[in-house]
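A.B. asks: task: produce atomic coordinates for the following.
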Amino acid sequence: MVLRLIGKRLILGVLTLMVASLITFALVHLQKGSPGAIISGMGATKSQIWKVDEQLGWHQPLWQQFSNWLVSLIHGDLGHSFIDGRDLSQEIFTRISVTAALALGAVIALALIGVSVGIVGAVRGGWVDRMLNSWNALIFALPPYWLAVLLVLVFAVLNPWLPATGFVAFADSPTGWAQSLILPVMAMAIPGAAGLARATRAAILEAFAQEHMRTLRAMGVPRWRIIYKHSLRFASVPVVSMIGLHFVFLFGGTVTIEQLFVLPGLGQGATAAIGQHDIPQIQATVIITTLVVVVTNLITEIASAYLDPKVRVR
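C.D. replies: Numbers count the residues shown, from 1 in each chain. As a prediction, the model looks like this:
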């Protein structure tokens, strides 16, 4: 059953990539102007623009352009920039490593914080639960951009412990790499952790109310075993699904954080490409982001199927 589930999701993922490729290609060709006009500049004549477009194959039939572009994608060739001719395969690989480190760090931090706080609130109850709920509601309402500015003010300006902006490659300095990611990771993770804590608390409380949990308590099973084994296993499916959704959201929503902290990730590259009308880079960014979403959803489905047998028989 698990193999059938994986097969279905793989087919759906391939179809999603095809649709995303087709929509991206169509939107690019529906906009006004042409690559020749972008490359040639404002003062170019129509003949100069036509010549550049001809060299790029812009005047070929759309089906032929799309098939050529699709074949290049399948072979891992993301094309070259219209602005300076740089290889986008290398460009995107470099940028996705920054964005992936940022999103992975944030989702790990929010998972650790959110699940821990949610369990404590559900288990302890009383004034501890009310206090944590109040803090979760307050933090969840904070915009990540505002929180990022506050973190920079506290930990980089008033107390110069961490860099305010910039990025250090891991190969150059592992310590500097970690320090350059701490503030942006926390800015993205803290609001998400508040939402995950509320979801974890609700899932744990729902688990406590199950009939088999009452049976375990009546049988004298230790409370810690009920909480950390049986209840967590029951609550893990919605929690894992929410963590997967958070990763997709974080990966696709790093634009503002990357701009604020001057991180050379996909978001910053996409913003620059849109401003320069660099069509190949925009297309490559959309396709790579869609691929990450598809793979993340597949991993989440497999994890849910492993944790909950009911998912495997759907």
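A.B. asks: where does the protein have low pLDDT?
C.D. replies: Judged by pLDDT under 70, the chain has its weakly predicted residues at 1-2, 5, 33, 41, 213, 217, 224, 228, 308-314.
A.B. asks: so which residues of it form strands?
C.D. replies: Per DSSP state E, the chain has no strands. Nothing in it meets that criterion.
A.B. asks: buried residues, the longest helix belonging to it. List them.
C.D. replies: With secondary structure taken from DSSP state H, the chain has its longest helix at helix 88-124. Neighbour counts over helix 88-124 (16 or more other Cβ atoms under 10 Å) mark 88-89, 91-92, 95-96, 98-103, 105-107, 109-111, 113-115, 117-123 as buried. C-betas here are computed from N, CA, C, even on glycine.
A.B. asks: next up, the contacts around Glu91.
C.D. replies: Neighbouring residues of Glu91 by Cβ atoms under 8 Å, 6 or more residues apart in numbering: 78, 81, 269, 281.
A.B. asks: near the last one, how many other residues are there?
C.D. replies: Here the count is done by other Cβ atoms under 10 Å, and Gln281 has 27 residues near it.
A.B. asks: any chance of the contacts of Glu91 in TSV, plus distance to Trp135?
C.D. replies: Listed next are the contacts of Glu91 as TSV, based on distance: Cβ to Cβ, whole Å:
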residue	distance to Trp135
Leu78	44
Ser81	46
Gly269	36
Gln281	41
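A.B. asks: state the pair within those residues that is farthest apart.
C.D. replies: For those, the farthest-apart pair by Cβ to Cβ is Leu78 and Gly269; their separation is 11.9 Å.
A.B. asks: which residues do the two both contact?
C.D. replies: Common contact partners of Leu78 and Gly269 (Cβ under 8 Å, 6+ apart): 91-92.
A.B. asks: quick one: His59 and Ile49, what's the gap?
C.D. replies: 11 Å (Cβ to Cβ, to the nearest Å).
A.B. asks: so which of the two has more stuff around it?
C.D. replies: Comparing His59 with Ile49 by other Cβ under 10 Å, the one with more neighbours is Ile49, at 20 against 11.
A.B. asks: what sits against the more buried one?
C.D. replies: Neighbours of Ile49 in contact, by Cβ under 8 Å, 6+ apart: 34, 36-37, 40.
A.B. asks: ok, and the most crowded of the residues you listed?
C.D. replies: For the contacts of Ile49, neighbours were counted using other Cβ under 10 Å, and Gly36 has the most, 21 neighbours in all.
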